[in-house]
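Engineer: Need coordinates for the following:
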Amino acid sequence: MENNIGATDRLARIAVGAVLSAVGLASLGNVIGFGTTIGAVATLLGVVLVATGFVRICLLYRLLGVDTSDSR
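Structural biologist: A predicted model of the protein is given here:
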């Protein structure tokens, strides 16, 4: 598969994903009071964002025809 995530998009995904994962884990650990469901969703979304940032492939982008990389 070809990369469809550019450098700026990649860095934003990794940064936002890391913050979401940290907030989610803190919520799951009862450090902050967002609840278990919000914590689980935030953690999962954060992990997905970080993973897509590292591999530079987003399946949703592929379905929608979006390409933020410089490969075109």
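
Engineer: How many residues are close by the closest residue to residue 21 other than its chain neighbours?
Structural biologist: Leaving aside its chain neighbours, residue 21 sits nearest to residue 46 (3.2 Å; criterion: CB to CB, 6 or more residues apart in numbering). Just so you know, the C-beta spots here come from the backbone N, C-alpha and C atoms, and that holds for glycine as well. Other residues lying near residue 46 total 22 when counted by other CB atoms under 10 Å.

Engineer: For residue 46, give me its contacts.
Structural biologist: 16-24 (CB atoms under 8 Å, 6 or more residues apart in numbering).

Engineer: got it, and residue 39?
Structural biologist: Residue 39 touches 23-28, counting by CB under 8 Å, 6+ apart.

Engineer: Make CSV out of the residues you listed and add neighbour count.
Structural biologist: Listed next are the contacts of residue 39 as CSV, based on neighbours: other CB atoms under 10 Å:
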residue, neighbour count
23, 18
24, 22
25, 16
26, 16
27, 21
28, 18
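
Engineer: Any chance of a markdown table for the residues you listed, columns secondary structure and pLDDT?
Structural biologist: A markdown table is the format used below for the contacts of residue 39 (DSSP: H, G, I helix; E, B strand; the rest coil; pLDDT from 0 to 100):
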| residue | secondary structure | pLDDT |
| --- | --- | --- |
| 23 | helix | 96 |
| 24 | helix | 96 |
| 25 | helix | 96 |
| 26 | helix | 97 |
| 27 | helix | 95 |
| 28 | helix | 94 |
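
Engineer: Quick check: the gap between the residue positioned nearest the centre of the chain and residue 57.
Structural biologist: Central residue of the chain (CA atoms, centre = their mean): residue 49, 1.2 Å from the mean position. Look at residue 49 and residue 57: by CB to CB, to the nearest Å, they are 13 Å apart.
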